[in-house]
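Enquirer: A structural model of the following input is requested.
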Amino acid sequence: MPAASRRRMSRAQRGRWTLTIVLALCSLTVVVPLYVTLSMAFKTTTQAVDGNAFSLPGPWSLDGFAQAWTLTNFPRSFAVSVGIAALSVAGTIILSALAAFAISRNWDRRLFRWSFFYLLAAMFLPFPVVALSQVSLSGVVHLDNPVGVAILHIMFQLSFSVMLFTAFLRSIPTELEESARIDGASTGQVFWRLIFPLLAPMSATVGIFAFLASWNDYMMPALIISNPAMQTLPVLQQMFQTQFSNNYNVSFASYLMAMAPSIVVYLFAQRWVMSGLTQGAIK
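Expert: Just a heads-up that it's a prediction; the model follows:
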């Protein structure tokens, strides 16, 4: 083998090892906090305050989970969070897909192009900027409840989701729709029977982003929902930073129970997330 080729292979191998080391170090930022969360959640109160967060529980205890279950009224707050997340995911997928379909298939019309740019501009408008007006309006129209939070989640996820769906729709040949119209299909039938099933990979991508944003949101439910009994898990877990600040095992057990659904959902849908993003980037 020529010397130049050996040098190039050596440089490539060094580059791969360097990248592997960097990725391994970056993974520690996730693995270490997760390990601490798991170990602290299964400790007793005495073990949790001994100053050694990295030690394994001895003995293992479920007391933290039992106390967190009672203190946060976990079944009710979990049901509220699931309901908000489910409405947010369903509404985001359906409305974004409909809007993206209309925009992508009428791109030559100025109104649809401007609508798309308007939605893109809305991505740079975070909730804290309009929080005061949203709180006031939700109270006026009696949406200061979980349903109002779900509607706001849909609205704030719409811009990013429409952008993803629009990019994906441009990779779907319009000849498929034309053949369906020749067979007598209406616009609604073309979308629901032909286009929407083809959007399954991107729907999974949009759904996982919408779920994570809704499930982990703290500010919007805290400001919008007026009934403390109908609050979500992230809001109720705020108590562990004040009143129960010394019960670290209870705090971490509650965080772990709240994290579990999002981890399960991501593991279930992650194979579609990358496929949806890569297919949407074809054109």
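Enquirer: Can you get me a residue count around the nearest residue to Ala122 once chain neighbours are set aside?
Expert: Sequence neighbours aside, Ser159 is the residue nearest to Ala122 in space, at 4.5 Å (criterion: Cβ to Cβ, 6 or more residues apart in numbering). C-betas here are computed from N, CA, C, even on glycine. Applying other Cβ atoms under 10 Å, we find 19 residues neighbouring Ser159.
Enquirer: so where does Ser159 fall, helix or strand?
Expert: helix 146-169 (DSSP states H and E).
Enquirer: chain center to that helix, what's the gap?
Expert: 11 Å (Cα atoms, centre = their mean, to the nearest Å).
Enquirer: now stretch 130-141
Expert: Taking Cα atoms, centre = their mean, the mean C-alpha location of stretch 130-141 is offset from the chain mean by 24 Å.
Enquirer: Show me what counts as buried in it.
Expert: For stretch 130-141, burial by neighbour count (16 or more other Cβ atoms under 10 Å) applies to 134-135, 138.
Enquirer: same deal with stretch 111-118?
Expert: 112, 115-116.
Enquirer: from those, which ones fall inside helices?
Expert: Taking DSSP state H, the ones among the buried residues of stretch 111-118 that sit in helices are 112, 115-116.
Enquirer: thinking again about what came up before, and the buried residues of stretch 111-118 as TSV, adding pLDDT and distance to Phe54?
Expert: Output for the buried residues of stretch 111-118, formatted as TSV (pLDDT from 0 to 100; distance: Cβ to Cβ, whole Å):
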residue	pLDDT	distance to Phe54
Phe112	92	56
Ser115	91	53
Phe116	92	50
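Enquirer: Relative to Asn247, which of these is nearest.
Expert: Phe116 (49.7 Å; Cβ to Cβ).
Enquirer: Identify the residues contacting the closest one.
Expert: With contacts defined as Cβ atoms under 8 Å, 6 or more residues apart in numbering, Phe116 is in contact with 103, 162, 166.
Enquirer: which of the residues you listed has the most neighbours?
Expert: Of the contacts of Phe116, with other Cβ under 10 Å as the count, Val162 tops at 28 neighbours.
Enquirer: That residue: what's it in contact with?
Expert: 96, 99-100, 103, 116, 119.
Enquirer: ok, Asn227 touching Pro146?
Expert: No - checked against Cβ atoms under 8 Å, the pair Asn227 and Pro146 is beyond contact range at 9.1 Å.
Enquirer: Looking at those two now, which is surrounded by more residues?
Expert: Pro146 (21 against 10).
Enquirer: Need the nearest residue in space to that one, chain neighbours excluded.
Expert: Nearest one to Pro146, counting by Cβ to Cβ, 6+ apart, is Ile84 at 5.1 Å.
Enquirer: didn't the one you found look like it was pressed against Met220?
Expert: No - using Cβ under 8 Å, Ile84 makes no contact with Met220, being 9.5 Å away.
Enquirer: Send me the helix or strand just after the helix holding Ser159 as CSV with only the CA atoms.
Expert: Sequence order places helix 174-182 as the next helix or strand after helix 146-169, per DSSP H and E. What follows is helix 174-182, C-alpha atoms only, in CSV (Å, rounded to 0.1, in the frame of the first residue of the first chain):
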residue,chain,number,x,y,z
THR,A,174,-48.2,15.0,-7.2
GLU,A,175,-48.9,12.4,-9.8
LEU,A,176,-50.4,10.2,-7.1
GLU,A,177,-53.0,12.9,-6.3
GLU,A,178,-53.7,13.5,-10.0
SER,A,179,-54.4,9.8,-10.6
ALA,A,180,-56.7,9.7,-7.6
ARG,A,181,-58.6,12.8,-8.8
ILE,A,182,-59.0,11.1,-12.3
